[in-house]
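> I would like the atomic coordinates for the input below:
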Amino acid sequence: MKEKIVLYQIFTRLYGNKNTTRKENGSIEENGCGKMNDFTPSALKKIREMGVSHIWYTGIIRHATQTDYSSYGIPKNHPAVVKGKAGSPYAVTDYYDVDPDLAVDVDKRMQEFEALVERTHKAGLKVIIDFVPNHVARQYHSICKPEGVRDLGEEDNPQLGFDPQNNFYYCPGQRFTPYFDLYHGETEPYIEEPAKATGNDCFHNAPGMNDWYETVKLNYGLDYYAGRVGHFNPIPNTWDKMTDILLFWAQKGVDGFRCDMAEMVPAEFWQWATDKVKFRYPEKIFIGEVYNPAEYRRYLGAGFDYLYDKVGMYDTLCEVIRGNQSTHAITAAWQQTDDIRDHMLYFLENHDEQRIASDFFAGSARKGVPGLVVSALLQQNPLMIYAGQEYGERGMDKEGFSGHDGRTTIFDYWSVSTLVRAATRKLTKDEKALKDIYNKVVNIAREEKAVCEGISFDLMYVNQDYHRQYAFLRKAGSEVLLVVVNFDELPATMDVTIPAHAFDYLRLKERKSVTAVDLLSGREMKRTLTRDCYVSIDLEPLGAVILKFKA
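Prediction:
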């Protein structure tokens, strides 16, 4: 049977941290930090039992931090260009190194990562790591690059704002002078002259606080100063260096890459790089963070296997969950990408987005359950879950650089309350009940042939009067699922009309009595199945029914 990918995103330094000090802006000594060794065989087994197929270990590659590891030969970073005490995992300081925060023995951090990959594979799971291609930390310097590898910027001519063979963009004759204090308590300010362009396409020397000021933009041969003119022949130096980095990690046994802000890097590079990686490692997958729907097909054509469905399905489900849109908007969302539906990654949470249970999103994790069912079962495409989502993590802490915003910090040393309670077997009754729902839904997505291989039939065009309920059919061979969800906080009965076209398209047989089993509750139901007649389904508040029967 075809496998449905279920990706479990884990912010690695938070996952195993059981320290509950949680001091705002606390150091690693005060607040603690999770380690790669926290992913024991038993911990990985529990993740696998939830129906997960791939773990995305977020923040593996060494990035800028305010923690001093100079005693281990690791260059110290100036705090003026580090966001938070722990630092952002998207400000990479050495593409060939592992984050020392994650290691029990810092000197053996790469060996600990290799052991993590091996343990993960033994647990029946595949490994995804971040590839951050658009930008690096301002103080990028590799101390772990293989022999013969030239560092990023090492061969640059910084007197040229743009050169196709430079790795960075420059502001010749100008010092880096952002709109904030460059000292941050240090005796000496941070000096960068000439200034390099900032990661969020800020091509001047004075980024603001809302810019990605801690990063510098990588140059893939696009001349932004001349209106994004491409210079791709000869191949830009950056292309070779970044492709070699992908091959380095592919050789370490990782199974794929989640590519940060992929659309900020030209598709021509991706075509070049993915061809080279997949020629040597055909099974490696590439997941792209692409937000512009007009670019989806171009980046899929350039070698990506899957793309975030953020501005379509995610944004739509958010508005439906909040009660701001009708469930009919879900139909419009999937139709926008119907020709590439198997390549769209559905999710309700990740490190960039607010937690469902936060006051900024829905205020209750239970409100996300109907959206989970839709995301998991509507298509064959991958599903992503963010660690803690399955317990209803609220993300309402004020951690430090990450403020009170409904998100789980990626900048600070912290521990996640629900993950700590799960690890110490102190979950509340509601958290256990939510986890049970996630286990059931995700395993249905992974085990039911009608989901993994089947075709989908949206029933909403003949059920126009329902705006807080959503219904669709899935079918593979003789196995049929009728999925009905209720986004309302009140119980509802949905009289689901099944049109004649569905019978013809799915090759369903009319039957006066069909015995169906609700895969969530285990209850048996008998229903009549005839053309253009309705099947009456009783729904609990924020509930779902997944009826399985034979065609």
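> Please go through this protein and pick out the longest helix.
If you go by DSSP state H, the chain has its longest helix at helix 429-447.
> ok, which stretches of the stretch 1-150 of the chain are helices?
Under the criterion DSSP state H, counting those that start in this stretch, the stretch 1-150 of the chain contains helices at 12-15, 28-31, 41-49, 109-122.
> what's the closest of those helices to H78?
helix 28-31 (17.8 Å; CB to CB). (Each C-beta comes from the backbone N, C-alpha and C, glycine too.)
> how far is the longest helix of the chain from where the chain is centred?
20 Å (CA atoms, centre = their mean, to the nearest Å).
> Which positions in it come out as buried?
431, 434-435, 437-438, 440-446 (16 or more other CB atoms under 10 Å).
> any chance of the helices of the stretch 1-150 of the chain in CSV, plus distance to V517, mean neighbour count and mean pLDDT?
Formatted as CSV, the helices of the stretch 1-150 of the chain follow (distance: least, CB to CB, whole Å; neighbours: other CB atoms under 10 Å; pLDDT from 0 to 100):
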stretch, distance to V517, mean neighbour count, mean pLDDT
helix 12-15, 35, 26, 98
helix 28-31, 47, 16, 98
helix 41-49, 22, 14, 98
helix 109-122, 34, 18, 98
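> For D338, grab phi and psi.
phi -60, psi -30 (degrees, to the nearest 10).
> wait, H467
Dihedral angles (degrees, to the nearest 10) for H467: phi -120, psi -10.
> how far away is it from S326?
Distance, H467 to S326, using CB to CB, to the nearest Å: 4 Å.
> Would you mind measuring from Y169 to E268?
On the measure of CB to CB, Y169 and E268 end up 18 Å apart.
> Same check on V52?
34 Å.
> cool, and K76?
37 Å.
> Looking at the two now, which is surrounded by more residues?
Just comparing K76 and E268: by other CB atoms under 10 Å the higher neighbour count belongs to E268, 17 against 13.
> which ones are touching the more buried one?
Going by CB atoms under 8 Å, 6 or more residues apart in numbering, E268 touches 220, 230, 232, 302.
> contacts for stretch 101-118?
12-13, 28, 33-37, 39, 57, 59-60, 65, 67, 69, 72, 74, 86, 97-100, 127, 144, 252-254.
> make that stretch 367-376, sorry
313, 317, 320-321, 330, 346-348, 356-357, 362, 383, 389, 434, 437-438, 441-442, 444-445, 451, 470, 483, 485-487, 489, 542-544, 546.
> try 7 Å
With contacts defined as CB atoms under 7 Å, 6 or more residues apart in numbering, stretch 367-376 is touched by 317, 321, 330, 346-348, 356, 362, 383, 437, 441-442, 445, 470, 483, 485-487, 542, 544.
> Could you tell me which of those residues belong to strands?
346-347, 383, 470, 483, 485-486, 544 (DSSP state E).
> top of the residues you listed by neighbour count?
Busiest of the ones in strands among the contacts of stretch 367-376 [other CB under 10 Å] is Y470, holding 29 neighbours.
> Now that one: closest residue in space that isn't a chain neighbour?
Excluding the flanking residues, the one nearest Y470 by CB to CB, 6 or more residues apart in numbering is T327, at 4.2 Å.
> Please give me every residue in contact with that neighbour.
By CB under 7 Å, 6+ apart, T327 lies in contact with 320, 460, 466-470, 487.
> re earlier: take the helices of the stretch 1-150 of the chain and lay them out in TSV including distance to Q336.
As requested, the helices of the stretch 1-150 of the chain are arranged in TSV below (distance: least, CB to CB, whole Å):
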stretch	distance to Q336
helix 12-15	34
helix 28-31	42
helix 41-49	32
helix 109-122	34
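> Nearest to S478, out of these?
helix 41-49 (28.3 Å).
> most distant residue from the middle of the chain?
K512 (45.2 Å; CA atoms, centre = their mean).
> got a list of contacts for the strand or helix carrying that one?
K512 belongs to strand 511-518 when assigned by DSSP states H and E. Residues from elsewhere that reach strand 511-518 (CB under 7 Å, 6+ apart): 524-529, 545-549.
> Which pair in those has the greatest spatial separation?
T528 and I546 (19.0 Å).
> Neighbour count for the two, which is higher?
Comparing T528 with I546 by other CB under 10 Å, the one with more neighbours is I546, at 24 against 13.
> Do you know the pLDDT at that one?
With respect to pLDDT, I546 scores 98.
> Please list all residues in contact with it.
444, 481, 483, 518-520.
> Tell me the bridge partners for it.
V483 (DSSP bridges).
> I385 too?
Y8.
> What is the neighbour count of it?
Using other CB under 10 Å: I385 sits among 24 other residues.
> Kindly report the same for the one 4 residues further on.
Taking other CB under 10 Å as the neighbour definition, Q389 ends up with a count of 26.
> give me every residue that touches the residue nearest to it when sequence neighbours are not counted.
The shortest distance from Q389 to any non-neighbouring residue, by CB to CB, 6+ apart, is to E349 (4.6 Å). With contacts defined as CB under 7 Å, 6+ apart, E349 is in contact with 355-356, 386, 389.
> Out of these, grab the one that's most surrounded.
In those, the most neighbours by other CB under 10 Å go to I356, 28 neighbours.
> Any chance of the backbone angles for T493?
Per degrees, to the nearest 10, the backbone of T493 is at phi -120, psi 120.
> Which of the three states applies to the spatially closest residue to it that is not a sequence neighbour?
For T493, ignoring the flanking residues on the chain, the nearest one in space by CB to CB, 6+ apart is D538 at 5.2 Å. Three-state assignment for D538 (DSSP: H, G, I helix; E, B strand; the rest coil): strand.
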